[in-house]
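# With the input below, show me the fold.
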Amino acid sequence: MKTPKLLKRVQEYIDADELKQCKRKDCIKEVLHKLKKKQRLLKDKLAKEKDDKERKHIQKTLDIIYVQRKKGLKALKSLKNS
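Now for the predicted structure:
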């Protein structure tokens with residue numbers, strides 16, 4: 001293969017990687033938005049709940065959502081830097 005054709009192929013691979021990263025960033029942003037919305041709803045529900053057993057369950061779910069959002073934000077930040 002000639003050099004221009006090889007360069008064109010390399011550029012296509014690079015563009016494909018950038019497109020995948022862009023799609024992944026958008027997907028992560030969407031998931032983070034949904035998790036934040038769910039977190040807000042559960043915080044409101046926790047404030048209104050009086051049953052201790054249910055409060056513990058809601059708090060456990062909130063803790064899991066918090067950790068997952070933190071992990072997603074870290075992944076998004078690493079994608080932006082690369």
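
# which non-adjacent residue is nearest the residue nearest the centre of the chain?
Against the mean C-alpha coordinate of the chain, by Cα atoms, centre = their mean, the closest residue is residue 28 at 3.0 Å. Computed as Cβ to Cβ, 6 or more residues apart in numbering, the closest residue to residue 28 that is not its neighbour in sequence is residue 76, at 5.0 Å. Any C-beta I mention is one placed from the backbone N, CA and C, and that applies to glycine too.

# elements contacting the helix or strand where residue 24 lies?
In this structure, residue 24 sits in helix 3-48 according to DSSP states H and E. Using 3 or more Cβ pairs under 8 Å, 6 or more residues apart in numbering; DSSP states H and E as the contact test, the elements touching helix 3-48 are helix 52-81.

# Average pLDDT for the helix it packs on, rounded please.
Mean pLDDT, helix 52-81: 92.

# hmm, back to that, make sure the residue nearest to the centre of the chain is actually in contact with residue 71.
No - look at residue 28 against residue 71 with Cβ atoms under 8 Å: they stay out of range, at 10.1 Å.

# Tell me how far the spatially closest residue to residue 59 that is not a sequence neighbour lies from residue 66.
Counting by Cβ to Cβ, 6+ apart, residue 46 is the residue found nearest to residue 59 once chain neighbours are left out, at 6.4 Å. From residue 46 across to residue 66, the span is 13 Å (Cβ to Cβ, to the nearest Å).

# Fine by me, thanks again.
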